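Enquirer: below: sequence and its predicted model.
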Amino acid sequence: MKRKAKPRAGAVEDVPRLHQNDWGVWHWKPEKKLRQAFPGRSLGKDALAARAEAKRLNAEVAAWQKAGDGASPPRPRRRSGPLTVGQAIGQWRYGQDGQGSDDWQGKRERTRRQWGFYLKAIEAEFGDEAAASLTPGRVKRWLDPLKRRAPGTARSYNACARSLYAWMIATELVPRMENPFGKPRLGKGKRRQCLFTFEDVRHIVRVADGKAAAADARGWRPRPSIGTALVLAFGCVQRISDVIELGFEHLHVQEDGSTRLIFDQSKSKTVGQNFELAAGVHIDMRLPPLVAARLTTAPPPRTEAAAGRLVVNEKTGKPYTDRQIGQAMRSVLARAIACDPKRWKHLAGMQLRDGRRSGFVHLRKLGMTVEDIVNLSGHTLQDGYAIVEHYMPRTTEEADRVAAMMTGEL
């Protein structure tokens, strides 16, 4: 007897388009070509109700397809019963046209992409609960264990959920109520105590290029792109999210033979009234000699797949995603520490995002003023002074050096 093929993970065999995610939440997911007319729906954790709703939605799709191309899709019908958190998330992200609410479209693309991951966790916890009945106490019972385990993650989840509820209250999808995510008392995030020294950067670059390795490093493939990314972040004092977006079009050769790096920082970009993306902080600098030398000794590939980027993943030949470059950096750091675990143990836990801050502190120690450095880095003066205050504590040596300058005839 021939065994029946097993359905793919999460799918329901006898109800097309119905899936259950890893957290037990049911979703109706139409094919990509149908999503503009029929956006996906979150159906909660009740299996029987989800199956019934999925069958109804499938019937609407079949009727619309039978009517032909000229037929307009039926107006979405709200399920009976109170609005659930999962349904509210669907309306916020996808709206009636599959594009999302105006509030969601008003977020920057990077924010929407990141919050998509947060919403999965929020829906897994609260998806089938009535949105109007969620209380601060219920939220606190969820956040308290999470903030002890991962305080940064708890703050990120809460910020996303707070924005969701602010939109629901403003659009009257729920009665006027206290935002259950409004006052969680999670505290402010602490600044990372991690800084790369110039020697650290030199060592990591050598390891990434395959010029330094531990005795058991056979078979490991060098990742020079990670060295280039670190040098760009450190030498140009820029966020790693901007570094992986830099391309050859941002390098402008001047008549005197020098090269300028010109681009707009992504984090400071804002979404306008009609969802157009307004320019952020404009960076225009002479390419630092350290960075120019790196791009010469380890030139980025100029292939179609590389899309003209300065930092390209050796394994795929394509630009990095945030997650990919983070994983690659961890691999390089593990090799760097293995070269001499006693000398380089302080590199454990470091990340590429520490490169910008490290470059700022490096320049300040060389005698550059905060006012000078922020012209290169794009920080505000307030943020620049906050970096100095936190990472360059007052020392008696500096006090003595300044005191020695207080001279003159009286």
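Expert: Looks like it came in fine. Worth saying up front: this structure is predicted, and the values here are computed from it rather than measured.
Enquirer: and the spatially closest residue to Pro222 that is not a sequence neighbour, how many residues sit next to it?
Expert: Distance criterion C-beta to C-beta, 6 or more residues apart in numbering; nearest residue to Pro222, sequence neighbours excluded, is Gly210 at 3.3 Å. In short, each C-beta sits where N, CA and C put it, glycine included. Neighbour count for Gly210, taken as other C-beta atoms under 10 Å: 15.
Enquirer: so Ile325 makes contact with Ile226?
Expert: Yes. Between Ile325 and Ile226 there is a contact under C-beta atoms under 8 Å: 7.4 Å.
Enquirer: shared neighbours, the two?
Expert: Leu352 (C-beta atoms under 8 Å, 6 or more residues apart in numbering).
Enquirer: and those two? Which one has more around it.
Expert: Set Ile325 next to Ile226 and count neighbours by other C-beta under 10 Å: Ile226 wins out with 26 against 23.
Enquirer: for that one, which residues are in contact?
Expert: 204, 208, 325, 328-329, 332, 352.
Enquirer: which ones among these lie within strands?
Expert: Among the contacts of Ile226, DSSP state E puts none in strands.
Enquirer: from these, which two are the most distant?
Expert: The largest separation in the contacts of Ile226, counting by C-beta to C-beta, is between Ile204 and Ile325 at 13.5 Å.
Enquirer: can you tell me how far Thr297 is from Val205?
Expert: For Thr297, the distance to Val205 (C-beta to C-beta, to the nearest Å) stands at 10 Å.
Enquirer: between these two, tell me which one has more neighbours.
Expert: Val205 (23 against 12).
Enquirer: show me what contacts the more buried one?
Expert: By C-beta under 8 Å, 6+ apart, the neighbours of Val205 are 227, 230-231, 294.
Enquirer: quick one: mean pLDDT over stretch 329-337.
Expert: Here stretch 329-337 scores 94 as its mean pLDDT.
Enquirer: swap that for stretch 156-163, sorry
Expert: Mean predicted lDDT for stretch 156-163 stands at 93.
Enquirer: chain center to it: distance?
Expert: For stretch 156-163, the separation from the chain centroid amounts to 14 Å (computed by C-alpha atoms, centre = their mean, to the nearest Å).
Enquirer: which strand or helix spans the residue most central in space within the chain?
Expert: Residue closest to the mean C-alpha point of the chain, counted by C-alpha atoms, centre = their mean, is Gln114 at 5.1 Å. For Gln114, the element it lies in under DSSP states H and E is helix 109-126.
Enquirer: which residues in the stretch 151-300 of the chain form strands?
Expert: 251-253, 259-264, 270-271, 277-278, 282-286 (DSSP state E, counting those that start in this stretch).
Enquirer: now those as CSV including mean pLDDT, mean neighbour count and distance to Glu371?
Expert: Below are the strands of the stretch 151-300 of the chain laid out as CSV (pLDDT from 0 to 100; neighbours: other C-beta atoms under 10 Å; distance: least, C-beta to C-beta, whole Å):
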stretch, mean pLDDT, mean neighbour count, distance to Glu371
strand 251-253, 94, 13, 25
strand 259-264, 93, 17, 20
strand 270-271, 61, 13, 25
strand 277-278, 58, 12, 26
strand 282-286, 92, 15, 15
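Enquirer: circling back to that earlier point, buried ones among the contacts of Ile226?
Expert: 204, 208, 325, 328-329, 332, 352 (16 or more other C-beta atoms under 10 Å).
Enquirer: quick one: which of those residues is nearest to Ala154?
Expert: Leu352 (23.5 Å).
Enquirer: flag the shaky bits of the stretch 151-300 of the chain, pLDDT-wise.
Expert: The stretch 151-300 of the chain contains residues with pLDDT under 70 at 187-191, 215-218, 268-279.
Enquirer: just the helices in it please.
Expert: Secondary structure of the stretch 151-300 of the chain, counting by DSSP state H, counting those that start in this stretch: helices at 151-170, 198-208, 224-236, 240-243, 289-297.
Enquirer: now do the second one: distance to the chain's middle.
Expert: The reference is to helix 198-208. 25 Å.
Enquirer: with the fourth one instead?
Expert: Per C-alpha atoms, centre = their mean, the displacement of helix 240-243 from the mean C-alpha position of its chain is 11 Å.
Enquirer: how about the last one?
Expert: In this view, helix 289-297 has its centroid 28 Å away from the chain centroid, taken as C-alpha atoms, centre = their mean.
Enquirer: how about that helix: buried residues?
Expert: Applying 16+ other C-beta under 10 Å to helix 289-297 flags 291-292, 294-295 as buried.
Enquirer: make a markdown table out of those residues and add distance to Pro151.
Expert: Shown next, in a markdown table, are the buried residues of helix 289-297 (distance: C-beta to C-beta, whole Å):
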| residue | distance to Pro151 |
| --- | --- |
| Val291 | 35 |
| Ala292 | 40 |
| Arg294 | 36 |
| Leu295 | 38 |
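Enquirer: find the pair from those with maximum spatial separation.
Expert: Top of the distance list for these (C-beta to C-beta): Ala292 and Arg294, 7.3 Å.
Enquirer: stretch 111-122: which residues count as buried?
Expert: 115, 118-122.
Enquirer: same check, this time on stretch 391-409
Expert: Buried, per 16+ other C-beta under 10 Å, within stretch 391-409: Tyr391.
Enquirer: same deal with stretch 329-340?
Expert: 329, 332-333, 335-339.
Enquirer: same deal with stretch 36-55?
Expert: 37-45, 49-51, 53-54.
Enquirer: and the helices in the stretch 1-150 of the chain, which stretches?
Expert: 47-67, 85-94, 102-105, 109-126, 136-149.
Enquirer: rank the ones you listed by mean pLDDT and give me the bottom one.
Expert: Among those, helix 47-67 scores lowest, at a mean of 85.
Enquirer: what does the helix holding Gln114 contact?
Expert: 21-25, 42, 85-86, 89, 93, 100, 104, 107, 134, 138, 142, 156-157, 160-161, 164, 241, 266-267, 277.
Enquirer: need the buried ones from these selected in PyMOL.
Expert: The buried subset of the contacts of helix 109-126, as determined by 16+ other C-beta under 10 Å, is captured in PyMOL by this line:
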select buried, resi 25+42+85+86+89+93+100+104+107+134+142+156+157+160+161+164+241+266
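Enquirer: Arg286 reaches Asp256, doesn't it?
Expert: No. Contact criterion C-beta under 8 Å: Arg286 and Asp256 do not qualify, at 10.1 Å.
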